[in-house]
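1. The sequence and its predicted three-dimensional model are supplied below.
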Amino acid sequence: MTKDVADAIRERRSIRRFTSEDIPSAALSRLLEAACMAPSAGNRQPWFFYVVRKAEIRQGLVKAAFGQSFLAEAPVDIVVCAEPERSSGRYGKRGAELYCLQDTAAAIQNLLLMAEGVGLATCWVGAFDEQAVCQVLDIPKGRRPVAIIPVGYSNLSQSPQPPARRNVADVIAMVD
C-alpha cells in the first residue's frame with residue numbers, strides 16, 4: 001500500500017542499515033518511473049540511472065564512496081547521473097552547469113519519496129569520487145554521477161527520530 005505523499009515527506013529518513021532481502025523488480029520499476037516523472041527545465045529530462053545489483057560492483061561503489069559500507073549492504077544501489085549536454089542544447093552553459101543538476105535532484109527526490117511510499121529504505125549519498133564511480137560502472141563521457149542511492153528494506157527496529165529542522169518562519173521572506 002502506498003503512503004500519502006505528505007506522510008512520505010514527513011516520515012522519510014536516511015537509512016544506512018539494510019536487510020539482505022531482495023527488492024522486487026516491480027517495486028524498483030515504480031521508483032524509477034517516479035524519478036522519470038520529475039519536472040525538468042524545458043522537459044529536457046537530463047538523467048540516466050544505473051541500477052546495480054551485483055555485489056562486486058556495489059563493493060566498488062563502497063570504495064568510490066570513501067568506504068561507506070552500507071552501499072554494499074543494500075541489495076540495490078542506484079547511481080543517478082546528469083547528462084549536461086541534454087540541458088546545454090537548449091540552455092547553454094547555465095543548462096549544463098545548473099539546470100541538469102536541479103532536474104536530476106528533482107528526480108532523486110521523487111525516487112526517495114516513492115521508496116518511502118512503498119516501504120523501502122534509502123539514503124541520498126553525495127560523498128564519492130566521481131571519476132572512481134565512472135570507472136566502476138564504465139560510465140561514458142557526457143554523464144556525471146550526482147548521487148548514489150542504496151535501496152533496500154531497513155534493518156532498524158524503529159525509524160530514526162526526525163532531524164532538527166529550521167523554523168519555516170526563519171526561511172521565508174514574504175514579498176508583496
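-> Sure, I can see it. A quick note: this is a predicted structure, and the numbers were derived from the prediction, not measured.

2. tell me the contacts of Trp124?
-> 14, 108, 112, 147, 149 (C-beta atoms under 8 Å, 6 or more residues apart in numbering). Using the backbone N, CA and C atoms, a C-beta is placed for each residue, glycine as well.

3. Now do it against Pro162, distance only.
-> From Trp124 across to Pro162, the span is 16 Å (C-beta to C-beta, to the nearest Å).

4. Does the strand or helix carrying Val80 pack against any helices or strands, and if so which?
-> Element membership of Val80, judged by DSSP states H and E, is strand 76-82. Judged by 3 or more C-beta pairs under 8 Å, 6 or more residues apart in numbering; DSSP states H and E, the packing partners of strand 76-82 are helix 25-36, strand 47-52, helix 55-64, helix 100-117, strand 144-152.

5. so which of these is the most packed in?
-> strand 144-152 (a mean of 24; mean count of other C-beta atoms under 10 Å).

6. pLDDT averaged over the strand holding Val80, what's the number?
-> Averaged over strand 76-82, pLDDT sits at 98.

7. and that strand with helix 25-36, angle?
-> 20 degrees (axes from the mean of the first three to the mean of the last three C-alpha atoms, to 10 degrees).

8. circling back to that earlier point, TSV for the helices and strands packed on strand 76-82, including distance to Pro84 and mean pLDDT?
-> Listed next are those as TSV, based on distance: least, C-beta to C-beta, whole Å; pLDDT from 0 to 100:
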stretch	distance to Pro84	mean pLDDT
helix 25-36	18	98
strand 47-52	11	98
helix 55-64	20	98
helix 100-117	5	98
strand 144-152	6	98
